[in-house]
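K.L.:
sequence and predicted structure below; questions after.
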Amino acid sequence: MHTRALLLAAVSLVVGAGLAPAQQGAPRSPSAERFDIIIRDGRVLDGSGNPWVLADVGIRGDRIVAIGNLGAATATTVLDAKGRYVTPGFIDTHSHAGSTLANPEMGAAGQLLAQGLTTVFINPDGGGATNLAEQRTRLTERGVGVNVAMMIPHGSVRGAVIGSDDRAPTADEMRRMEEMVRKGFTDGAFALSSGPFYAPGSFAKTDELVALAKVAAGYGAPYQSHIRDESDYTIGLLAAVEEVITVAREANTRGVVTHIKALGPNVWGFSAAIVERIDRAREQGVEVFADQYPYEASSTSLAAALVPRWAQAGGRDAFLARVADPAQRARIVTEMSDNLARRGGAARIQFASYGPDRSLDGQTLAQVSAARNADAVATALALLEKGDASIVSFNMNDADIERLMRQPWTMTSSDGNLTRLGAGVPHPRGNGAFPRKIRKYVVEQGTVGLADAIRSMTSLPASVYRMEDRGVLRPGAYADVVVFDLDRVHDKATYENPHQVAEGMVHVVVNGRVAWKDGQITPERHGRVLARGASGAELSGRRR
């Protein structure tokens, strides 16, 4: 309770002057004030975790200007919210939609709006663009349907300076990486992302991560990490969580364990120890948070899941040369066998997308190897020699998911792609993460309450990433607003048929404009590529 009290106090700094309770049946204001949009008679959850109150929401320009009884007021657009919930727009702290949003055909982001998302964080896991100014230009050329917050990715920075070598940086290389990270923040990055599980980020030691996180700290920005080990591949799950705590402590910034999980049978049940370590760090004054997607399966590449990192050093050509050497191949096969066991075996690996042979999409590694009358690891290695594959990996259990979800420091994320409908058999989280949390873990199972779930999607990420005037419903905040029908909220996407758009989001307002109305996307794109300045405050869209 002590940790939760501290967190709620911190969030109150972002929420500011909260929404005064509106009493059902209270007399309407005689004011004839005019708004651009009025959302009428909704059950308003302001994002703070408080219970809902009955109120209207008045919007003018890109801001909320009034919340309460606005009965005599008029508006150009009136959205009916009677019997529905009105909340801040959802914030996805870990999204792989960046490259697709830059595609003119996909930038409208209808699949994201259908989940209630109004802001996504891109360049996670230490991967993605290093030139954020160019990325901003690509995203804004045709417009985007949701707000985009960029992160500067450590792995890509390391790759640009050092390549895929497994070694420490020289002093000059370290200086160049620091300069690239600094440039990312001057170009508006909201965080430093890392993925020391993946090559080449895996070749970095903790001191390198601390040094670059200190650059982030100078801009008031956090360090978000796909931790070095979510299972027992290398240093182990708990040591990897401790590494994030160490980076946050030594860099004097906030640390985020992104898509937090206990991956594979060898570490099922470790969620209790994770919670204990994060709570202890917070009691010691270290700001540590997490985000989580509400699924029992993860998704990554086949190489990342099975191939040892030493075999990937030097890039693809070096990997193929090692595979061609009998002694090294034998070692690779042995370690791949161990890694497959960590993930629960070949039946738990489903192909999402394999470029060289799309007929494999949707099949499991067990099915493919059986059809070839071959060993699962031999099959995987043969596939990898022709090209990598995207996979869905069923490797978590419900008890860990629920324990981690209940923590007051856990935000909601998707880790999802924005995939063209019908392309491959991707993880369903790209189309369903946020509605799934509401439907399965709030309505059906009661793992968390609705107000707390909404807080994990709105004001908590806004607080952690210092998003000024977002993630809350109050006068003066940006008008990113969702109206949903709780009885209809449903993630239709499944592992077998992931190309199904979520249901239940009735209206979505992005920066004061209606982007999703009556369950349908509107023609215009109202998102912005957000930016942060040296103070850590958001710059984009600020009043002049």
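P.N.:
Yep, that arrived. Model, not experiment: these values are computed from the prediction.
K.L.:
ends of stretch 79-94, what's the gap?
P.N.:
30 Å (Cα to Cα, to the nearest Å).
K.L.:
how about that stretch: buried residues?
P.N.:
Neighbour-count burial for stretch 79-94, with 16 or more other Cβ atoms under 10 Å as criterion, is recorded at 79, 81, 84-94. All C-beta atoms are positioned from the backbone trio N, CA, C, and that covers glycine.
K.L.:
now those residues as JSON lines including pLDDT, secondary structure and distance to A502?
P.N.:
JSON lines is the format used below for the buried residues of stretch 79-94 (pLDDT from 0 to 100; DSSP: H, G, I helix; E, B strand; the rest coil; distance: Cβ to Cβ, whole Å):
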{"residue": "L79", "pLDDT": "98", "secondary structure": "strand", "distance to A502": "19"}
{"residue": "A81", "pLDDT": "98", "secondary structure": "coil", "distance to A502": "19"}
{"residue": "R84", "pLDDT": "98", "secondary structure": "coil", "distance to A502": "16"}
{"residue": "Y85", "pLDDT": "98", "secondary structure": "strand", "distance to A502": "15"}
{"residue": "V86", "pLDDT": "99", "secondary structure": "strand", "distance to A502": "18"}
{"residue": "T87", "pLDDT": "99", "secondary structure": "strand", "distance to A502": "15"}
{"residue": "P88", "pLDDT": "98", "secondary structure": "strand", "distance to A502": "18"}
{"residue": "G89", "pLDDT": "98", "secondary structure": "coil", "distance to A502": "15"}
{"residue": "F90", "pLDDT": "99", "secondary structure": "strand", "distance to A502": "11"}
{"residue": "I91", "pLDDT": "98", "secondary structure": "strand", "distance to A502": "16"}
{"residue": "D92", "pLDDT": "98", "secondary structure": "strand", "distance to A502": "13"}
{"residue": "T93", "pLDDT": "98", "secondary structure": "coil", "distance to A502": "18"}
{"residue": "H94", "pLDDT": "98", "secondary structure": "coil", "distance to A502": "18"}
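K.L.:
shouldn't L209 be within a helix?
P.N.:
Yes. Checked against DSSP: H, G, I helix; E, B strand; the rest coil, L209 lies within a helix.
K.L.:
one step back: mind putting the buried residues of stretch 79-94 into TSV with distance to L45?
P.N.:
Output for the buried residues of stretch 79-94, formatted as TSV (distance: Cβ to Cβ, whole Å):
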residue	distance to L45
L79	16
A81	12
R84	11
Y85	6
V86	7
T87	5
P88	8
G89	12
F90	12
I91	14
D92	18
T93	19
H94	23
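K.L.:
nearest to P435 among these?
P.N.:
F90 (9.6 Å; Cβ to Cβ).
K.L.:
surely the closest one meets Q115?
P.N.:
Yes. Contact criterion Cβ atoms under 8 Å: F90 and Q115 qualify, at 6.8 Å.
K.L.:
and for those two, which residues touch both?
P.N.:
Common neighbours of F90 and Q115 (criterion: Cβ atoms under 8 Å, 6 or more residues apart in numbering): F434.
K.L.:
list the contacts for R43?
P.N.:
52-54, 81, 83-86.
K.L.:
and it, bridged to which residues?
P.N.:
Note on R43: beta-bridge partners by DSSP bridges are L54, Y85.
K.L.:
any idea of the pLDDT on it?
P.N.:
With respect to pLDDT, R43 scores 98.
K.L.:
out of the contacts of R43, which is nearest to I227?
P.N.:
Comparing the contacts of R43 against I227 with Cβ to Cβ places Y85 closest, at 33.8 Å.
K.L.:
so the closest one makes contact with D487?
P.N.:
No. Here Y85 lies out of contact with D487, judged by Cβ under 8 Å, at a distance of 10.5 Å.
K.L.:
quick check: closest non-adjacent residue to W268.
P.N.:
N397 (5.0 Å; Cβ to Cβ, 6 or more residues apart in numbering).
K.L.:
what about the one you found, neighbour count?
P.N.:
Residues contacting N397 under the criterion other Cβ atoms under 10 Å number 15.
K.L.:
ok, it - contacts?
P.N.:
By Cβ under 8 Å, 6+ apart, the neighbours of N397 are 262, 268, 296.
K.L.:
how far away is the last one from N397?
P.N.:
Separation of E296 from N397 (Cβ to Cβ, to the nearest Å): 7 Å.
K.L.:
looking at the buried residues of stretch 79-94, which one is closest to Q284?
P.N.:
T93 (23.8 Å).
K.L.:
how close does the closest one get to A108?
P.N.:
Applying Cβ to Cβ to T93 and A108 gives a distance of 22 Å.
K.L.:
swap in F351?
P.N.:
Counting by Cβ to Cβ - F351 and A108 are separated by 29 Å.
K.L.:
please apply the same query to M177.
P.N.:
From M177 to A108 the distance is 36 Å (Cβ to Cβ).
K.L.:
for A305, same thing?
P.N.:
32 Å.
K.L.:
show me which of the contacts of N397 are buried.
P.N.:
In terms of neighbour count (16+ other Cβ under 10 Å), the buried residues within these are 262, 268.
K.L.:
redo the contacts of N397 as CSV? Include distance to R280.
P.N.:
Output for these, formatted as CSV (distance: Cβ to Cβ, whole Å):
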residue, distance to R280
A262, 18
W268, 22
E296, 27
